[in-house]
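S.K.: My questions concern the predicted model and sequence given below.
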Amino acid sequence: MIALEDGWQRLHPRTVQVTSLWVAGIAAGIAVPFVLGFASAAGLGLMLLIAAGGIVLVTGIAAVADLMRWRHTAYRVTDERVEVRYSWVLHSHRSVPRDRVRTVDLVSDPVQRMFGVAKLKIGTGQQTSESSHVTLDPVGKAEAEVLRRELLRRADSTESAESDGDEISSLSWRWIRYAPVSVTTPILGAAAFGAVMQVSEWFQLQGAVFTTVRDLFGGLSIIGLIAVLVAAAIVVGVIGSLGLFVEMWYGYSLRREDGNLVMSRGLLNTRSLTLERSRLRGVEVVEPLGVRVMRAARVDVIATGMRHRAEDENTDPKTLLPAAPFDVARRVAAEVLGSEAATATAVTGHPRAALWRRVRWGLYSVLAFTGLLAVLGLLLTDVLLHLAWILAVVLTPAAVFLAFESYRNLGHGLAEKHLVARFGVGSRRTAALLRSGVIGWTISSSPFQRRAGLVTVKATTAASRGAYPAYDVGLDDGLRFADEAVPGLLTPFLEPRR
Amino acid sequence: MRLRPPTNMVDPRAKRYWMAGEAISNGVVTLVLGLLAFLIEPARPWLLLALGVALLIGIPYMIIMPIWRFRVHRWEITEDAVYTRSGWLWQEWRIAPMSRIQTVDTKRGPLEQAYRLSRVTVTTASAAGPLTIKGLDHEVAADLAEKLTEVTQANRGDAT
């Protein structure tokens, strides 16, 4: 911490080393295939020289740029505000009122930890305004920890700053058994093949890879070969997903501190997220198919200012509890909510018409897909024709099964303070949303829904996904649900059906 | 039980505005496909067929959609809430309490300008999208925005 005038402070000076090391590492990683690729043509010595020069140059530029950024960036925390200013070439000044601070997110990658610094993200939970968050990248570890506690500390808090708070849950290594049944397993398995292909291409060894595989499994038929490759992918995927679990959830703990939720986790990249209690709007109990079969569930938080980002669905800090036995999930959900609403609410199913809609969707998709194949088969080759009928036989029951699964997972209900909405095919999501956190309703209907007397009722909220839906609910039932969940809001716009 | 329609209809000029929008789309499609058909002789029958299909869908759409949509699009402001209905085949009712409104904007594109229409967009803190009332007369829209702004400024808190 380096003090400037008026309480302004600089970021941690070691940011330059951190940046340099990262850039040097990445540059070296990029240089390796080039060196090896051109070594035979230009000579290894020359290539190494060029690569070393390139790495030094790029690292130097990055170091100077980061040094300038560091020299011209300053932050201060006053009684009222958190401010960050940057003044070189561009000028910017960000300021966030302290009473608007809702999250403090502390992240450090391995290099940052080596230098004892961390990145601090301070969020306000405002989605519309420019000043939704400020980032201090980086500050010293100790300073970051102090800021994390101080920024979300409430004036009326009596707890001492040293107390660790009440632990809600911590890692049990037995949960790792749910890691391989997640979607990461096939993704990592497929990625491994891609990586082998890519790397062998860099070294112009793709031919050699194919030859090796052929020599190894030359005796096998094509089906046998496919089976071996799939098995290999599964093994790699399982190892990868176990590794990912360890990296993400090592040292996991969820606790309450000054009434706020604090979650920390991570082996190499560590992260600690602090959520102010007033931001909490509910929880979502998520049961992906594989995990559900093993009677386990994950718990996600519903809180304002957490934008739903589809691309990193599983890595987002919104997950409060990784897949764990259902009883653990129930207990964590209950402790976070302060009631058993997420798991104990009686959930009403939706009308049969919703099932027939789903069956129709499934059958139409199968029909469209196999129909296309059949037409192509008639025009081109008989093989496709056979593929079409085989797929029709296999996919039709699958589609019907998914339709039933999706229908069974539909539901809605009311608890004392929360509304509960459930849906999902494959992954079943049960959201318990604070009724006082509902900031509007969106009710929609398609021509097909109108004919079947169904509507989709969505409770909009400032938190997470923005809206929590009850799909294909009966018109009467859905409107009554919305009307009861937030008394008075919908009432003036309702009329008896003629 | 059912949702009653909001009380106010949008300006009747909205029908012509929606029609004009569709007419422009149809015009562009005709122009592009027609030009290509004129220039590329071997593909001419196919391009003309595509044009025929596009217009067979586009022209009825241009006539039916605006009339239908005009009957669906409605809005209402009460003491406590904003209530809108929009869409035509796929319809949507949205309700937002006054106390949760964050911003109110009026906007008009060049085509709306030509028909002296504006749209009013009311956002809440939800990421699930704002309430939009399209096809309002300039003055109606301005009055509405002013009224909503007044009410929301009286509200305290961050409306989450």
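M.R.: Good, I have the coordinates. Residues are numbered from 1 along each chain as shown, chains lettered A, B, ... in the order given.
S.K.: When you work out contacts or count neighbours from here on, use the C-alpha atoms and nothing else.
M.R.: Fine.
S.K.: near chain A at all, the longest helix seen in chain B?
M.R.: In chain B, with assignment by DSSP state H, the single longest helix is helix B:44-72. No - contact of helix B:44-72 with chain A is not found when judged by C-alpha under 8 Å from any C-alpha of the partner chain; the minimum separation is 12.4 Å.
S.K.: in that helix, what's buried?
M.R.: B:44, B:47-48, B:51, B:55, B:58, B:62-63, B:65-67, B:69-72 (16 or more other C-alpha atoms under 10 Å in any protein chain shown).
S.K.: Going by contacts, tell me the helices and strands next to that helix.
M.R.: helix B:13-39, strand B:81-87 (3 or more C-alpha pairs under 8 Å, 6 or more residues apart in numbering or on different chains; DSSP states H and E).
S.K.: pLDDT below threshold where in chain B?
M.R.: B:155-160 (pLDDT under 70).
S.K.: Spatially central residue in it, please.
M.R.: residue B:134 (4.4 Å; C-alpha atoms, centre = their mean).
S.K.: what does chain B have sitting close to chain A?
M.R.: Going by C-alpha under 8 Å from any C-alpha, the residues of chain B near chain A are B:1-6, B:80-81, B:89-97, B:100, B:124-128, B:160.
S.K.: Can you show me the CA trace of stretch A:200-210 as CSV?
M.R.: C-alpha atoms of stretch A:200-210 as CSV (Å, rounded to 0.1, in the frame of the first residue of the first chain):
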residue,chain,number,x,y,z
SER,A,200,0.3,-33.3,-33.4
GLU,A,201,-0.5,-30.9,-36.2
TRP,A,202,1.9,-28.3,-34.8
PHE,A,203,4.6,-30.8,-34.9
GLN,A,204,3.4,-32.2,-38.2
LEU,A,205,3.0,-35.6,-36.6
GLN,A,206,-0.7,-36.2,-37.4
GLY,A,207,0.2,-39.0,-39.8
ALA,A,208,2.3,-40.6,-37.2
VAL,A,209,-0.5,-40.4,-34.7
PHE,A,210,-2.8,-42.2,-37.0
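S.K.: And the contacts of that stretch?
M.R.: A:33, A:36-37, A:197 (C-alpha atoms under 8 Å, 6 or more residues apart in numbering or on different chains).
S.K.: re the thing from before, buried members of the residues of chain B next to chain A into ChimeraX, please.
M.R.: Here is the ChimeraX command that picks out the buried ones among those, judged by 16+ other C-alpha under 10 Å:
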select /B:3,5,6,81,91,92,93,94,95,96,97,100,124,125,126,127,128,160
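S.K.: just checking, which of the residues of chain B next to chain A belong to strands?
M.R.: Using DSSP state E, the members of the residues of chain B next to chain A that fall within strands are B:2-3, B:81, B:91-97, B:124.
S.K.: per-domain residue ranges of chain B.
M.R.: B:8-70, B:74-154 (automatic domain parsing).
S.K.: For the last one, measure first residue to last.
M.R.: The reference is to domain B:74-154. This stretch, domain B:74-154, spans 26 Å end to end (C-alpha to C-alpha, to the nearest Å).
S.K.: just to revisit the earlier point, and the ones in strands among the residues of chain B next to chain A, which two are the farthest apart?
M.R.: The most widely separated members of those, counting by C-alpha to C-alpha, are B:2 and B:124 (24.6 Å).
S.K.: which of the helices and strands packed on helix B:44-72 sits most buried?
M.R.: Among the helices and strands packed on helix B:44-72, strand B:81-87 has the highest mean neighbour count (mean count of other C-alpha atoms under 10 Å in any protein chain shown), at a mean of 22.
S.K.: relative to strand B:91-97, how tilted is it?
M.R.: 170 degrees (axes from the mean of the first three to the mean of the last three C-alpha atoms, to 10 degrees).
S.K.: what's next to strand B:81-87, contact-wise?
M.R.: By C-alpha under 8 Å, 6+ apart, strand B:81-87 touches A:489, B:5-6, B:69, B:72-77, B:91-98, B:131-133.
S.K.: again, only this time at 6 Å
M.R.: B:72-76, B:92-98 (C-alpha atoms under 6 Å, 6 or more residues apart in numbering or on different chains).
S.K.: Tell me the strands beside it, with direction?
M.R.: strand B:74-77 (antiparallel), strand B:91-97 (antiparallel) (DSSP bridges).
S.K.: picking that back up, I'd like to know which of the contacts of stretch A:200-210 is nearest to chain B.
M.R.: residue A:197 (40.7 Å; C-alpha to the nearest C-alpha).
S.K.: name the element the closest one belongs to?
M.R.: helix A:184-202 (DSSP states H and E).
S.K.: That helix: which residues count as buried?
M.R.: Quick answer for helix A:184-202 (16+ other C-alpha under 10 Å): A:184-186, A:188-190, A:192, A:197.
S.K.: following it, which helix or strand comes up?
M.R.: In N-to-C order, the element after helix A:184-202 by DSSP H and E is helix A:206-216.
S.K.: now the angle from that next one to helix A:184-202?
M.R.: 120 degrees.
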